[in-house]
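# Next input, structure requested:
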Amino acid sequence: MGKIKVRLIILGLLVVLIISSLMTNPTTEEYLKFTEEESGIATPKNIEIERINFYIFSTYAPKRPLDNYGSVHLGFMGKFYQISEGQFDYPWWLEFFN
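You can find the predicted model right below:
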């Protein structure tokens, strides 16, 4: 197999990964359903969910009263992964995208 074929295969796989990530990027409603299933408790109406959409993945931070943030989750390909342990400030690395 030539170098060009290997590069084309890698490029094709990368394009498929990006397209599938774009199509399966979770919504805020899916995040709310996930948190309800995980905790067994519905999210109160006074809690705002801040979603930052990176198109191939998103981050979700429940904004608590008094401007504190709860645990942050990363949504990727229809799944959610916790990336913080409930800090009480905005994640520093998300400041770059605002």
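# all strands in this structure, in order from the N-terminus.
Listed in chain order, the strands found in the chain under DSSP state E are 48-53, 58-64, 68-69, 73-76, 79-82.
# Now do the contacts for the nearest residue to residue 32 once chain neighbours are set aside.
In space, residue 32 comes closest to residue 43 once its chain neighbours are excluded; the distance is 5.5 Å by Cβ to Cβ, 6 or more residues apart in numbering. Backbone N, C-alpha and C define where each C-beta goes, glycine included. When contacts are counted by Cβ atoms under 8 Å, 6 or more residues apart in numbering, residue 43 touches 32, 35, 36, 49, 62.
# what does residue 78 give?
The neighbourhood of residue 78, defined by Cβ under 8 Å, 6+ apart, consists of 24, 26, 30.
# From these, pick the one nearest residue 9.
Using Cβ to Cβ, residue 24 comes nearest to residue 9 of these, at 22.4 Å.
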